[in-house]
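Participant: pasting the sequence and the predicted model now:
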Amino acid sequence: MARVTKAVTVAATLVATVLVFVPALYPVSHPQALTNVLVGQFAAMAIGHCAYRVAYGKRPALRSAVASVVCGAILAVSPVLFGLVAVFTTITMVGGALVAVAGVLAAVATVTWDEGRNLGGLSTEREEAAESPEPA
């Protein structure tokens with residue numbers, strides 16, 4: 001579960017970052033461009049924080065997971081509210097949905113996280129014992 005969460009959150013971070021720059025490629029309304037830039041940045045930070053914590057074997061933060069769900073949902077719905085543009089609408093809706101799903105996956109991982117495990121299969125106690133210097 002941790003590897004899937006890590007892969008999905010990293011992919012969603014990259015997608016959220018791309019969503020910030022998509023309005024530069026298509027002629028969209030000013031409110032839509034601002035929504036993509038501002039909400040896309042918050043989504044990238046929120047899901048990126050979850051990805052960072054999962055990558056280092058820590059439980060994802062619930063606030064970041066919830067923030068990414070909210071930002072992803074706003075990104076997915078915003079083209080319908082501000083006007084449909086042919087390819088832009090598809091990119092934004094699919095990207096926003098991916099960010100929202102990654103946020104839900106991170107929230108589920110937060111609730112079901114086992115503190116004793118690590119992505120490498122070693123417990124944290126074993127790693128600490130192997131890295132600590134031996135007494136003389």
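Facilitator: Yep, that arrived.
Participant: and the nearest residue to residue 32 once chain neighbours are set aside, how far is that from residue 14?
Facilitator: Nearest non-adjacent residue to residue 32, counting by CB to CB, 6 or more residues apart in numbering: residue 82, 3.9 Å away. The way it works is simple: take the backbone N, C-alpha and C, and place the C-beta from them, glycine included. Residue 82 sits 24 Å away from residue 14, going by CB to CB, to the nearest Å.
Participant: more neighbours: which of these two?
Facilitator: Neighbour count, other CB atoms under 10 Å: between residue 82 and residue 14, residue 82 has more, with 19 against 16.
Participant: isn't that one right up against residue 35?
Facilitator: Yes. Counting by CB atoms under 8 Å, residue 82 does reach residue 35; the two are 6.8 Å apart.
Participant: got the contact list for stretch 80-89?
Facilitator: Outside stretch 80-89, the residues that touch it by CB atoms under 8 Å, 6 or more residues apart in numbering are 22-23, 25-29, 31-32, 35, 79.
Participant: what's the average pLDDT for it?
Facilitator: What stretch 80-89 shows for mean pLDDT is 90.
Participant: next, the buried residues of that stretch.
Facilitator: 82, 85, 88-89 (16 or more other CB atoms under 10 Å).
Participant: gap between the two ends of it?
Facilitator: 8 Å (CA to CA, to the nearest Å).
Participant: and the host helix or strand of residue 72, which residues are buried?
Facilitator: Take DSSP states H and E as the rule and residue 72 turns out to sit in helix 62-82. Within helix 62-82, the residues that count as buried by 16+ other CB under 10 Å are 64-76, 78-79, 82.
Participant: right, I'll call it a day here.
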